[in-house]
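>>> okay, structure incoming, though there's no sequence with it:
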(Lines give C-alpha, C1' and ligand atoms only; values in the text may rest on other atoms or scores of the structure.)
Protein backbone atom coordinates (compact mmCIF):
# COMPACT_ATOMS: atom_id res chain seq x y z
CA UNK A 1 0.00 0.00 0.00
CA UNK A 2 1.41 3.39 -1.01
CA UNK A 3 2.20 5.74 1.85
CA UNK A 4 0.41 9.09 1.42
CA UNK A 5 0.88 12.60 2.85
CA UNK A 6 -0.94 15.92 2.78
CA UNK A 7 0.68 19.07 1.44
CA UNK A 8 -0.46 22.67 1.85
CA UNK A 9 1.13 25.21 -0.52
CA UNK A 10 0.70 28.91 0.20
CA UNK A 11 1.33 31.54 -2.51
CA UNK A 12 1.32 35.32 -2.40
CA UNK A 13 2.42 38.43 -4.29
CA UNK A 14 3.36 36.92 -7.64
CA UNK A 15 1.45 39.73 -9.37
CA UNK A 16 2.40 43.37 -9.90
CA UNK A 17 0.84 46.64 -11.02
CA UNK A 18 1.95 45.72 -14.55
CA UNK A 19 0.16 42.36 -14.68
CA UNK A 20 0.33 38.83 -13.40
CA UNK A 21 -2.06 37.20 -10.97
CA UNK A 22 -1.53 34.80 -8.08
CA UNK A 23 -4.90 33.12 -8.72
CA UNK A 24 -3.79 32.44 -12.29
CA UNK A 25 -0.63 30.73 -11.04
CA UNK A 26 -2.82 28.64 -8.72
CA UNK A 27 -5.03 27.71 -11.69
CA UNK A 28 -1.99 26.60 -13.70
CA UNK A 29 -0.69 24.58 -10.76
CA UNK A 30 -4.06 22.83 -10.39
CA UNK A 31 -3.77 21.69 -14.01
CA UNK A 32 -0.23 20.42 -13.48
CA UNK A 33 -0.82 18.74 -10.13
CA UNK A 34 -3.89 16.75 -11.18
CA UNK A 35 -1.71 15.19 -13.85
CA UNK A 36 0.63 13.77 -11.19
CA UNK A 37 -0.35 10.14 -10.43
CA UNK A 38 -2.47 9.70 -7.28
CA UNK A 39 -2.62 13.43 -6.40
CA UNK A 40 -6.04 14.11 -4.88
CA UNK A 41 -7.23 17.62 -3.89
CA UNK A 42 -8.84 17.61 -0.46
CA UNK A 43 -10.31 21.11 -0.84
CA UNK A 44 -10.91 23.71 -3.49
CA UNK A 45 -8.02 26.13 -3.95
CA UNK A 46 -8.39 28.75 -1.22
CA UNK A 47 -8.55 32.43 -2.17
CA UNK A 48 -7.86 34.22 1.10
CA UNK A 49 -8.27 37.98 1.27
CA UNK A 50 -6.04 39.51 3.93
CA UNK A 51 -6.18 42.89 5.67
CA UNK A 52 -7.53 45.28 2.99
CA UNK A 53 -5.87 48.29 4.64
CA UNK A 54 -2.27 47.15 4.15
CA UNK A 55 -0.62 50.14 2.43
CA UNK A 56 1.78 48.03 0.33
CA UNK A 57 -0.81 45.66 -1.19
CA UNK A 58 -0.89 45.28 -4.99
CA UNK A 59 -4.66 45.00 -5.60
CA UNK A 60 -7.08 42.93 -3.53
CA UNK A 61 -4.43 41.59 -1.11
CA UNK A 62 -5.34 37.99 -1.87
CA UNK A 63 -3.21 34.95 -1.05
CA UNK A 64 -3.75 31.38 -2.28
CA UNK A 65 -3.49 27.89 -0.80
CA UNK A 66 -3.57 24.49 -2.50
CA UNK A 67 -4.31 21.43 -0.33
CA UNK A 68 -3.93 17.90 -1.63
CA UNK A 69 -3.06 14.34 -0.75
CA UNK A 70 -0.26 12.62 -2.65
CA UNK A 71 2.13 9.62 -2.56
CA UNK A 72 4.84 10.49 -0.02
CA UNK A 73 7.68 9.37 -2.26
CA UNK A 74 6.76 12.14 -4.74
CA UNK A 75 7.40 14.96 -2.22
CA UNK A 76 10.56 16.30 -3.84
CA UNK A 77 9.20 15.93 -7.37
CA UNK A 78 6.04 17.88 -6.50
CA UNK A 79 7.98 20.68 -4.79
CA UNK A 80 10.26 21.01 -7.78
CA UNK A 81 7.30 21.07 -10.17
CA UNK A 82 5.60 23.80 -8.16
CA UNK A 83 8.75 25.88 -7.75
CA UNK A 84 9.45 25.73 -11.47
CA UNK A 85 6.06 27.15 -12.41
CA UNK A 86 6.12 29.60 -9.50
CA UNK A 87 9.39 31.12 -10.68
CA UNK A 88 8.09 31.33 -14.26
CA UNK A 89 5.20 33.56 -13.11
CA UNK A 90 7.12 35.97 -10.87
CA UNK A 91 7.46 39.71 -11.49
CA UNK A 92 10.52 40.19 -9.28
CA UNK A 93 11.89 43.05 -11.39
CA UNK A 94 8.84 45.24 -10.66
CA UNK A 95 9.03 47.56 -7.65
CA UNK A 96 6.69 46.55 -4.82
CA UNK A 97 6.45 42.88 -5.83
CA UNK A 98 7.75 40.56 -3.12
CA UNK A 99 6.75 36.95 -3.90
CA UNK A 100 6.55 34.26 -1.25
CA UNK A 101 5.78 30.54 -1.22
CA UNK A 102 5.35 28.23 1.78
CA UNK A 103 5.17 24.41 1.93
CA UNK A 104 3.58 22.69 4.94
CA UNK A 105 3.36 18.91 5.09
CA UNK A 106 1.08 18.06 8.00
CA UNK A 107 -2.54 16.98 7.74
CA UNK A 108 -3.82 19.24 10.53
CA UNK A 109 -3.24 22.98 10.86
CA UNK A 110 -1.99 24.00 14.35
CA UNK A 111 -3.97 26.58 16.30
CA UNK A 112 -1.11 29.08 16.39
CA UNK A 113 -1.05 29.11 12.59
CA UNK A 114 -4.82 29.70 12.52
CA UNK A 115 -4.34 32.58 14.99
CA UNK A 116 -1.60 34.01 12.77
CA UNK A 117 -3.98 33.98 9.79
CA UNK A 118 -6.66 35.77 11.78
CA UNK A 119 -4.17 38.50 12.64
CA UNK A 120 -3.14 38.83 8.99
CA UNK A 121 -6.81 39.32 8.05
CA UNK A 122 -7.48 42.02 10.63
CA UNK A 123 -4.25 43.95 11.24
CA UNK A 124 -0.52 44.16 10.43
CA UNK A 125 1.84 41.24 11.06
CA UNK A 126 5.59 41.23 10.55
CA UNK A 127 7.81 39.03 8.44
CA UNK A 128 9.85 38.26 11.53
CA UNK A 129 6.79 36.77 13.23
CA UNK A 130 6.01 34.70 10.13
CA UNK A 131 9.56 33.33 9.89
CA UNK A 132 9.58 32.35 13.58
CA UNK A 133 6.30 30.48 13.15
CA UNK A 134 7.53 28.75 9.99
CA UNK A 135 10.54 27.43 11.87
CA UNK A 136 8.44 26.37 14.86
CA UNK A 137 5.90 24.32 12.86
CA UNK A 138 8.46 22.85 10.48
CA UNK A 139 7.26 24.51 7.27
CA UNK A 140 9.50 25.60 4.39
CA UNK A 141 9.46 29.00 2.72
CA UNK A 142 11.11 30.84 -0.14
CA UNK A 143 10.80 34.52 -1.02
CA UNK A 144 12.22 37.23 -3.26
CA UNK A 145 13.06 40.91 -2.76
CA UNK A 146 11.92 41.83 0.77
CA UNK A 147 10.08 38.45 1.03
CA UNK A 148 6.90 40.02 2.37
CA UNK A 149 4.83 37.57 0.31
CA UNK A 150 5.84 34.85 2.76
CA UNK A 151 3.46 36.45 5.29
CA UNK A 152 0.44 36.08 3.01
CA UNK A 153 1.45 32.62 1.83
CA UNK A 154 1.65 31.38 5.42
CA UNK A 155 -1.63 33.10 6.34
CA UNK A 156 -3.39 31.41 3.41
CA UNK A 157 -2.36 28.01 4.75
CA UNK A 158 -3.63 28.85 8.24
CA UNK A 159 -7.08 30.03 7.08
CA UNK A 160 -8.95 26.73 6.73
CA UNK A 161 -12.39 28.40 6.33
CA UNK A 162 -14.05 26.36 9.05
CA UNK A 163 -16.41 29.27 9.70
CA UNK A 164 -18.24 31.27 7.07
CA UNK A 165 -17.03 31.11 3.47
CA UNK A 166 -18.10 31.75 -0.12
CA UNK A 167 -17.04 30.67 -3.61
CA UNK A 168 -15.69 32.39 -6.70
CA UNK A 169 -15.33 30.95 -10.17
CA UNK A 170 -12.58 32.81 -12.00
CA UNK A 171 -12.24 32.56 -15.77
CA UNK A 172 -8.97 33.55 -17.45
CA UNK A 173 -8.17 35.09 -20.83
CA UNK A 174 -5.91 33.79 -23.54
CA UNK A 175 -2.50 35.50 -23.48
CA UNK A 176 -3.13 37.32 -26.77
CA UNK A 177 -5.93 39.32 -25.09
CA UNK A 178 -4.06 40.39 -21.96
CA UNK A 179 -4.10 44.17 -21.62
CA UNK A 180 -7.10 44.69 -23.91
CA UNK A 181 -10.69 45.57 -22.97
CA UNK A 182 -12.55 42.57 -21.54
CA UNK A 183 -15.45 41.40 -23.69
CA UNK A 184 -18.37 40.02 -21.67
CA UNK A 185 -22.06 40.31 -22.56
CA UNK A 186 -23.49 42.73 -19.98
CA UNK A 187 -27.12 41.59 -20.34
CA UNK A 188 -26.15 37.97 -19.63
CA UNK A 189 -24.56 39.02 -16.32
CA UNK A 190 -27.72 40.86 -15.22
CA UNK A 191 -29.79 37.89 -16.34
CA UNK A 192 -27.60 35.54 -14.32
CA UNK A 193 -27.97 37.68 -11.20
CA UNK A 194 -31.75 37.81 -11.61
CA UNK A 195 -32.02 34.04 -12.05
CA UNK A 196 -29.69 33.01 -9.23
CA UNK A 197 -30.21 35.66 -6.52
CA UNK A 198 -29.76 35.55 -3.56
CA UNK A 199 -27.27 32.71 -4.09
CA UNK A 200 -24.91 35.04 -5.98
CA UNK A 201 -23.62 38.41 -4.81
CA UNK A 202 -21.55 41.47 -5.78
CA UNK A 203 -21.56 40.65 -9.48
CA UNK A 204 -23.53 43.72 -10.59
CA UNK A 205 -24.07 47.33 -9.49
CA UNK A 206 -27.77 48.08 -9.93
CA UNK A 207 -27.34 51.69 -8.86
CA UNK A 208 -24.90 52.46 -11.68
CA UNK A 209 -26.28 49.79 -14.05
CA UNK A 210 -22.90 48.16 -14.60
CA UNK A 211 -21.25 44.80 -14.07
CA UNK A 212 -18.62 44.19 -11.38
CA UNK A 213 -17.24 40.83 -12.50
CA UNK A 214 -14.50 42.17 -14.80
CA UNK A 215 -11.31 43.76 -13.43
CA UNK A 216 -9.64 46.66 -15.21
CA UNK A 217 -5.93 45.82 -14.98
CA UNK A 218 -3.46 43.95 -17.19
CA UNK A 219 -3.88 40.69 -15.28
CA UNK A 220 -5.10 37.47 -16.96
CA UNK A 221 -8.51 37.44 -15.23
CA UNK A 222 -11.46 37.68 -17.62
CA UNK A 223 -14.16 37.67 -14.94
CA UNK A 224 -15.00 36.32 -11.48
CA UNK A 225 -18.43 35.08 -10.35
CA UNK A 226 -19.18 35.13 -6.60
CA UNK A 227 -21.73 32.91 -4.90
CA UNK A 228 -22.73 30.71 -1.99
CA UNK A 229 -21.77 27.31 -3.41
CA UNK A 230 -19.57 25.68 -6.01
CA UNK A 231 -22.68 24.49 -7.84
CA UNK A 232 -24.20 27.95 -8.10
CA UNK A 233 -21.06 29.69 -9.42
CA UNK A 234 -20.71 26.93 -12.01
CA UNK A 235 -24.34 27.49 -13.03
CA UNK A 236 -23.60 31.21 -13.24
CA UNK A 237 -20.66 30.45 -15.53
CA UNK A 238 -23.03 28.61 -17.83
CA UNK A 239 -25.31 31.67 -18.08
CA UNK A 240 -22.75 34.45 -18.49
CA UNK A 241 -21.69 34.89 -22.11
CA UNK A 242 -18.04 35.60 -22.78
CA UNK A 243 -17.38 37.38 -26.09
CA UNK A 244 -13.76 36.27 -26.13
CA UNK A 245 -12.05 32.87 -25.61
CA UNK A 246 -11.67 31.46 -22.08
CA UNK A 247 -8.28 29.83 -21.58
CA UNK A 248 -9.12 28.15 -18.26
CA UNK A 249 -11.35 28.48 -15.20
CA UNK A 250 -11.23 27.33 -11.57
CA UNK A 251 -13.61 27.40 -8.60
CA UNK A 252 -12.05 28.84 -5.44
CA UNK A 253 -13.31 28.67 -1.85
CA UNK A 254 -12.85 32.00 -0.13
CA UNK A 255 -13.36 34.27 2.86
CA UNK A 256 -14.70 36.98 0.53
CA UNK A 257 -17.97 38.56 1.64
CA UNK A 258 -17.66 37.26 5.22
CA UNK A 259 -16.44 40.32 7.21
CA UNK A 260 -13.39 38.26 8.22
CA UNK A 261 -11.35 41.49 8.49
CA UNK A 262 -13.53 43.04 11.22
CA UNK A 263 -12.86 42.52 14.93
CA UNK A 264 -14.62 43.82 18.03
CA UNK A 265 -12.43 46.14 20.10
CA UNK A 266 -12.85 46.98 23.76
CA UNK A 267 -9.89 49.16 24.61
CA UNK A 268 -7.96 52.19 23.35
CA UNK A 269 -4.84 50.07 22.83
CA UNK A 270 -6.73 47.95 20.26
CA UNK A 271 -7.34 50.94 17.96
CA UNK A 272 -4.31 50.37 15.77
CA UNK A 273 -3.71 52.07 12.45
CA UNK A 274 -4.67 49.93 9.41
CA UNK A 275 -6.83 47.57 11.50
CA UNK A 276 -10.51 47.00 10.71
CA UNK A 277 -12.73 47.24 13.78
CA UNK A 278 -16.24 46.98 15.19
CA UNK A 279 -16.95 49.67 17.78
CA UNK A 280 -20.13 50.37 19.72
CA UNK A 281 -20.95 53.83 21.04
CA UNK A 282 -23.20 56.89 21.06
CA UNK A 283 -23.07 59.73 18.56
CA UNK A 284 -21.31 62.59 20.38
CA UNK A 285 -20.98 65.19 17.61
CA UNK A 286 -23.54 65.84 14.90
CA UNK A 287 -22.54 65.00 11.30
CA UNK A 288 -20.94 67.68 9.19
CA UNK A 289 -20.40 67.77 5.45
CA UNK A 290 -16.81 68.30 4.33
CA UNK A 291 -15.66 69.08 0.77
CA UNK A 292 -16.60 66.53 -1.92
CA UNK A 293 -19.70 65.60 0.12
CA UNK A 294 -17.99 63.39 2.70
CA UNK A 295 -19.76 63.07 6.07
CA UNK A 296 -17.86 63.22 9.39
CA UNK A 297 -19.32 62.61 12.86
CA UNK A 298 -18.02 61.39 16.23
CA UNK A 299 -19.00 58.60 18.58
CA UNK A 300 -18.19 58.18 22.23
CA UNK A 301 -17.52 54.73 23.69
CA UNK A 302 -16.69 53.55 27.18
CA UNK A 303 -12.99 54.22 26.51
CA UNK A 304 -12.63 56.82 23.75
CA UNK A 305 -14.18 59.40 21.42
CA UNK A 306 -13.33 58.97 17.74
CA UNK A 307 -14.29 60.49 14.40
CA UNK A 308 -16.07 58.40 11.79
CA UNK A 309 -16.02 59.18 8.07
CA UNK A 310 -18.49 58.11 5.37
CA UNK A 311 -17.08 59.05 2.00
CA UNK A 312 -19.10 60.09 -1.05
CA UNK A 313 -18.82 56.76 -3.00
CA UNK A 314 -20.38 54.82 -0.09
CA UNK A 315 -23.91 55.74 -1.26
CA UNK A 316 -26.68 54.82 1.19
CA UNK A 317 -24.18 54.53 4.03
CA UNK A 318 -23.24 58.20 3.62
CA UNK A 319 -26.91 59.20 3.44
CA UNK A 320 -27.58 57.34 6.70
CA UNK A 321 -24.56 58.93 8.39
CA UNK A 322 -25.81 62.37 7.43
CA UNK A 323 -29.09 61.79 9.32
CA UNK A 324 -27.53 60.79 12.66
CA UNK A 325 -27.93 63.05 15.70
CA UNK A 326 -26.26 63.27 19.08
CA UNK A 327 -27.48 60.48 21.35
CA UNK A 328 -28.10 57.85 18.67
CA UNK A 329 -26.77 54.44 19.75
CA UNK A 330 -24.83 52.81 16.94
CA UNK A 331 -22.23 50.21 16.06
CA UNK A 332 -19.67 51.28 13.46
CA UNK A 333 -17.48 49.04 11.32
CA UNK A 334 -14.50 50.13 9.27
CA UNK A 335 -10.78 50.73 8.97
CA UNK A 336 -8.66 52.77 11.36
CA UNK A 337 -6.66 55.52 9.65
CA UNK A 338 -4.73 58.53 10.87
CA UNK A 339 -5.69 61.97 9.56
CA UNK A 340 -2.76 63.49 7.66
CA UNK A 341 -3.26 66.99 9.14
CA UNK A 342 -4.56 66.41 12.67
CA UNK A 343 -2.87 63.03 13.26
CA UNK A 344 -6.07 61.89 15.01
CA UNK A 345 -7.42 58.41 14.36
CA UNK A 346 -10.52 58.09 12.18
CA UNK A 347 -12.72 55.14 11.26
CA UNK A 348 -13.35 54.97 7.51
CA UNK A 349 -16.80 53.44 7.55
CA UNK A 350 -17.94 50.29 5.76
CA UNK A 351 -21.08 49.69 7.83
CA UNK A 352 -23.27 51.37 10.44
CA UNK A 353 -25.62 49.31 12.59
CA UNK A 354 -28.15 51.72 14.13
CA UNK A 355 -29.25 50.24 17.45
CA UNK A 356 -31.57 53.00 18.72
CA UNK A 357 -32.51 56.54 17.69
CA UNK A 358 -32.59 59.58 19.95
CA UNK A 359 -35.24 62.31 19.62
CA UNK A 360 -34.15 65.04 17.23
CA UNK A 361 -35.16 68.16 19.13
CA UNK A 362 -34.57 71.59 17.60
CA UNK A 363 -34.71 74.78 19.71
CA UNK A 364 -35.66 77.97 17.89
CA UNK A 365 -36.63 81.58 18.62
CA UNK A 366 -40.40 82.22 18.47
CA UNK A 367 -42.04 84.04 15.54
CA UNK A 368 -43.49 87.53 15.52
CA UNK A 369 -47.29 87.43 15.93
CA UNK A 370 -47.66 90.34 13.52
CA UNK A 371 -45.37 89.45 10.59
CA UNK A 372 -44.43 85.82 11.34
CA UNK A 373 -40.71 86.60 11.06
CA UNK A 374 -38.40 84.73 13.43
CA UNK A 375 -37.62 87.01 16.43
CA UNK A 376 -34.16 88.04 17.62
CA UNK A 377 -33.08 87.62 21.26
CA UNK A 378 -32.49 90.84 23.20
CA UNK A 379 -30.26 89.07 25.72
CA UNK A 380 -30.52 86.48 28.44
CA UNK A 381 -34.01 86.55 30.01
CA UNK A 382 -34.78 89.91 28.29
CA UNK A 383 -37.21 88.60 25.72
CA UNK A 384 -37.24 89.01 21.95
CA UNK A 385 -37.57 91.76 19.35
CA UNK A 386 -38.78 91.66 15.76
CA UNK A 387 -36.19 93.24 13.46
CA UNK A 388 -38.82 93.82 10.77
CA UNK A 389 -41.67 95.55 12.61
CA UNK A 390 -39.89 96.53 15.86
CA UNK A 391 -42.31 94.78 18.23
CA UNK A 392 -40.92 93.53 21.55
CA UNK A 393 -42.03 90.36 23.34
CA UNK A 394 -40.55 90.19 26.85
CA UNK A 395 -42.58 87.18 28.06
CA UNK A 396 -41.82 84.77 25.19
CA UNK A 397 -39.34 81.90 25.49
CA UNK A 398 -37.55 79.71 22.96
CA UNK A 399 -39.62 76.98 21.29
CA UNK A 400 -38.63 73.33 21.02
CA UNK A 401 -39.74 71.18 18.11
CA UNK A 402 -39.35 67.43 17.69
CA UNK A 403 -38.25 66.73 14.12
CA UNK A 404 -39.49 63.36 12.76
CA UNK A 405 -36.61 61.00 11.96
CA UNK A 406 -36.32 59.68 8.43
CA UNK A 407 -33.72 57.18 9.61
CA UNK A 408 -34.57 53.69 10.85
CA UNK A 409 -32.75 51.21 13.04
CA UNK A 410 -30.88 48.47 11.23
CA UNK A 411 -27.74 47.82 9.20
CA UNK A 412 -26.47 50.19 6.50
CA UNK A 413 -23.69 48.99 4.20
CA UNK A 414 -21.48 50.88 1.77
CA UNK A 415 -22.56 50.71 -1.88
CA UNK A 416 -21.72 47.53 -3.80
CA UNK A 417 -19.18 49.28 -6.04
CA UNK A 418 -17.17 50.53 -3.06
CA UNK A 419 -17.25 47.36 -0.95
CA UNK A 420 -14.02 45.61 -0.08
CA UNK A 421 -13.62 41.98 -1.15
CA UNK A 422 -14.15 40.96 2.48
CA UNK A 423 -17.21 43.14 3.21
CA UNK A 424 -20.30 41.03 3.80
CA UNK A 425 -23.09 42.40 1.57
CA UNK A 426 -26.70 42.63 2.75
CA UNK A 427 -27.66 39.85 0.33
CA UNK A 428 -25.53 37.38 2.32
CA UNK A 429 -27.23 38.00 5.67
CA UNK A 430 -28.75 34.73 6.85
CA UNK A 431 -26.67 32.63 4.46
CA UNK A 432 -23.57 32.32 6.62
CA UNK A 433 -22.03 28.85 6.90
CA UNK A 434 -20.69 27.20 10.03
CA UNK A 435 -18.91 23.86 9.99
CA UNK A 436 -20.44 22.77 6.68
CA UNK A 437 -18.42 19.87 5.20
CA UNK A 438 -16.80 20.63 1.86
CA UNK A 439 -17.38 18.14 -0.95
CA UNK A 440 -15.69 18.84 -4.26
CA UNK A 441 -18.09 18.78 -7.19
CA UNK A 442 -17.19 17.07 -10.45
CA UNK A 443 -15.35 19.23 -12.98
CA UNK A 444 -14.53 22.15 -10.67
CA UNK A 445 -11.76 23.33 -12.99
CA UNK A 446 -10.82 23.32 -16.68
CA UNK A 447 -8.35 22.15 -17.79
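That came through fine. Everything numeric in this text was worked out from a predicted model, so none of it was measured.

>>> got phi/psi on the nearest residue to residue 433 once chain neighbours are set aside?
Counting by C-beta to C-beta, 6 or more residues apart in numbering, residue 433 lies nearest to residue 164, which is 5.3 Å off, once chain neighbours are set aside. For every residue, glycine as well, the C-beta is placed using N, CA and C. The phi/psi pair for residue 164 (degrees, to the nearest 10) reads phi -70, psi 150.

>>> going forward, begin numbering at 29 instead of 1
That works, and once the first residue is 29, the last one we named lands at residue 192.

>>> do I have it right that residue 192 meets residue 282?
No. Using C-beta atoms under 8 Å, residue 192 is not in contact with residue 282, being 10.4 Å away.

>>> more neighbours: which of those two?
residue 282 (26 against 17; other C-beta atoms under 10 Å).

>>> not counting its neighbours along the chain, what's nearest the more buried one?
Residue 282 sits nearest to residue 75 (C-beta to C-beta, 6+ apart), 4.2 Å away.

>>> from memory residue 195 sits against residue 252, does it?
No. Contact criterion C-beta under 8 Å: residue 195 and residue 252 do not qualify, at 10.3 Å.

>>> what do the two both touch?
Here residue 195 and residue 252 share no contacting residue, scored by C-beta atoms under 8 Å, 6 or more residues apart in numbering.

>>> so the residue nearest to residue 282 is in which element?
strand 74-77 (DSSP states H and E).

>>> who are the packing partners of that strand?
Judged by 3 or more C-beta pairs under 8 Å, 6 or more residues apart in numbering; DSSP states H and E, strand 74-77 is in contact with strand 90-99, helix 139-150, helix 177-186, strand 274-282.

>>> got a markdown table for the ones you listed, with mean pLDDT and distance to residue 133 too?
Converted to a markdown table, the helices and strands packed on strand 74-77 look like this (pLDDT from 0 to 100; distance: least, C-beta to C-beta, whole Å):
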| stretch | mean pLDDT | distance to residue 133 |
| --- | --- | --- |
| strand 90-99 | 97 | 10 |
| helix 139-150 | 97 | 13 |
| helix 177-186 | 97 | 11 |
| strand 274-282 | 98 | 21 |
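
>>> would you mark the buried spots in the top helix by length along the chain?
The residue-count maximum for a helix in the chain (DSSP state H) belongs to helix 103-116. Within helix 103-116, the residues that count as buried by 16 or more other C-beta atoms under 10 Å are 106-107, 109-110, 114.

>>> which secondary structure elements does the helix or strand following that helix contact?
Remark: after helix 103-116, the chain's next helix or strand is strand 128-132, criterion DSSP H and E. When contacts are defined as 3+ C-beta pairs under 8 Å, 6+ apart, strand 128-132 packs onto strand 32-40, helix 103-116, strand 168-171, helix 177-186.

>>> sheet partners, orientation included, of strand 128-132?
Strand 128-132 pairs in its sheet with strand 32-40 (antiparallel), strand 168-171 (antiparallel), by DSSP bridges.

>>> please identify the most buried of these.
strand 32-40 (a mean of 23; mean count of other C-beta atoms under 10 Å).

>>> and the angle for that one with strand 90-99?
160 degrees (axes from the mean of the first three to the mean of the last three C-alpha atoms, to 10 degrees).

>>> tell me the mean pLDDT over strand 32-40?
Averaged across strand 32-40, pLDDT comes to 97.

>>> again with stretch 125-137
Regarding stretch 125-137, the rounded mean pLDDT is 94.

>>> which parts of it are buried?
125-133, 137.

>>> first to last residue in that stretch, what's the distance?
28 Å (C-alpha to C-alpha, to the nearest Å).

>>> ok, stretch 108-123 next?
Start and end residues of stretch 108-123 are separated by 27 Å (C-alpha to C-alpha).

>>> now do stretch 110-128
Start-to-end, stretch 110-128 (C-alpha to C-alpha) is 13 Å.

>>> centre of the chain versus it, how much separation?
Stretch 110-128 sits 25 Å away from the centroid of its parent chain (C-alpha atoms, centre = their mean, to the nearest Å).

>>> got a list of contacts for it?
The contact list for stretch 110-128 (C-beta under 8 Å, 6+ apart) reads 37-48, 52-53, 56-57, 60-61, 84, 86, 129, 131, 169-182.

>>> over to stretch 400-410?
Under C-beta under 8 Å, 6+ apart, the answer for stretch 400-410 is 392-396, 411-417, 420-422, 424.

>>> next one: that stretch to chain centre, how far?
53 Å.

>>> swap in stretch 274-285?
Stretch 274-285 has its C-alpha centroid displaced from the chain centroid by 16 Å (C-alpha atoms, centre = their mean).

>>> can you check stretch 138-153 too?
16 Å.

>>> mind listing what's buried in that stretch?
141, 144-151, 153.

>>> distance to residue 384 added to the buried residues of stretch 125-137, as CSV?
Output for the buried residues of stretch 125-137, formatted as CSV (distance: C-beta to C-beta, whole Å):
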residue, distance to residue 384
125, 48
126, 47
127, 49
128, 47
129, 50
130, 47
131, 52
132, 47
133, 53
137, 41
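
>>> bridging residues for residue 380?
Where residue 380 sits in a bridge, its partners, by DSSP bridges, are residue 360, residue 440.

>>> thinking it is in contact with residue 437, fair?
No. Contact criterion C-beta under 8 Å: residue 380 and residue 437 do not qualify, at 10.7 Å.

>>> phi and psi next, for residue 470.
Dihedral angles (degrees, to the nearest 10) for residue 470: phi -70, psi 150.

>>> what sits closest to residue 291 if chain neighbours are left out?
residue 150 (4.8 Å).
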